[in-house]
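In: Give the three-dimensional model of this entry:
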Amino acid sequence: MKTTLDIHDELLARAKRHAKETGRPLRAVVEDGLRHVLQPSFPSAPYTLPDLRVGDPDAPDPLERYAWPELRELIYGNPGTR
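Out: Got it, this is the predicted structure:
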């Protein structure tokens, strides 16, 4: 398909120079650039969180003995005292 593009002079000059240096037509250089920009940017492997646990993993959970309202008070304090 043919199309007309308005490309900045310096960028076109660089693309032409690259095409000449690599022995490829300008069309191929432009197509490769478009493919590069338009390819999905999925990471090659899913990110895995590093294991930053501390303490004994077999020890009992120290927060297990608290109910949620007690934990909230420990974390945020007593909202009625401010």
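In: buried residues in the helix or strand where Arg17 lies?
Out: For Arg17, the host element (DSSP states H and E) is helix 9-22. Buried residues in helix 9-22, counting neighbours by 16 or more other C-beta atoms under 10 Å, are found at Ala19. C-betas here are computed from N, CA, C, even on glycine.
In: export it as PDB, just CAs?
Out: Only the C-alpha atoms of helix 9-22 are listed here, as PDB (Å, rounded to 0.1, in the frame of the first residue of the first chain):
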ATOM      1  CA  ASP A   9      14.200  16.300   7.500                       C
ATOM      2  CA  GLU A  10      16.900  15.200  10.000                       C
ATOM      3  CA  LEU A  11      15.100  11.900  10.800                       C
ATOM      4  CA  LEU A  12      14.600  11.100   7.100                       C
ATOM      5  CA  ALA A  13      18.300  11.800   6.400                       C
ATOM      6  CA  ARG A  14      19.200   9.400   9.200                       C
ATOM      7  CA  ALA A  15      16.800   6.700   8.000                       C
ATOM      8  CA  LYS A  16      18.200   7.000   4.400                       C
ATOM      9  CA  ARG A  17      21.800   6.800   5.700                       C
ATOM     10  CA  HIS A  18      20.900   3.700   7.800                       C
ATOM     11  CA  ALA A  19      19.200   2.100   4.800                       C
ATOM     12  CA  LYS A  20      22.300   2.800   2.600                       C
ATOM     13  CA  GLU A  21      24.700   1.500   5.300                       C
ATOM     14  CA  THR A  22      22.700  -1.700   5.800                       C
END
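In: Show me what that helix is in contact with.
Out: Ile7, Pro25, Leu26, Ala28, Val29, Val30, Gly33 (C-beta atoms under 8 Å, 6 or more residues apart in numbering).
In: What backbone torsions are found at Tyr66?
Out: phi -100, psi 140 (degrees, to the nearest 10).
In: State the number of residues packed around it.
Out: The local packing of Tyr66 (other C-beta atoms under 10 Å) involves 13 other residues.
In: for Trp68, same thing?
Out: Trp68 has 7 nearby residues by other C-beta under 10 Å.
In: coming back round to it: just the buried ones from the contacts of helix 9-22?
Out: Using 16+ other C-beta under 10 Å, the buried ones in the contacts of helix 9-22 are Val29.
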